[in-house]
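Colleague: What follows is a protein structure lacking sequence information:
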């Protein structure tokens, strides 16, 4: 399939949709933190900065290829998420016992 002008237009539309969604999400999170005093959501902001930093490190040290950078950060994210879930499950198992 040959990529034409229509494909580029769709890419621009999906990019604009992604940015708009990200802006709405950011405003929502900051609103919750500032006005509803939900300080536990600061971990989300810290995570955003961490993964943006990881993005930057991979881009400037390993490769500038966007696919490589996105794959690397995605693998980092999934690995950390999996480890976190396993640690939470172990913690719950120790706290409540295996029968709970």
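Modeller: Ah, there it is. This is a predicted model, so every value here is computed, not measured.

Colleague: For the rest of this, base every contact and every neighbour count on C-alpha atoms.
Modeller: Noted.

Colleague: So in this structure, where's the weakest helix or strand by average pLDDT?
Modeller: helix 5-35 (a mean of 85; mean pLDDT, DSSP states H and E).

Colleague: Next secondary structure element downstream of that helix?
Modeller: Per DSSP states H and E, the first helix or strand lying C-terminal to helix 5-35 is helix 42-61.

Colleague: Quick check: next helix or strand after that following helix?
Modeller: helix 66-96.

Colleague: List the buried residues of that following helix.
Modeller: 69, 72, 73 (16 or more other CA atoms under 10 Å).

Colleague: want to throw the residues you listed into TSV with distance to residue 94 and pLDDT?
Modeller: Output for the buried residues of helix 66-96, formatted as TSV (distance: CA to CA, whole Å; pLDDT from 0 to 100):
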residue	distance to residue 94	pLDDT
69	38	93
72	33	95
73	31	94
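
Colleague: All set, thanks.
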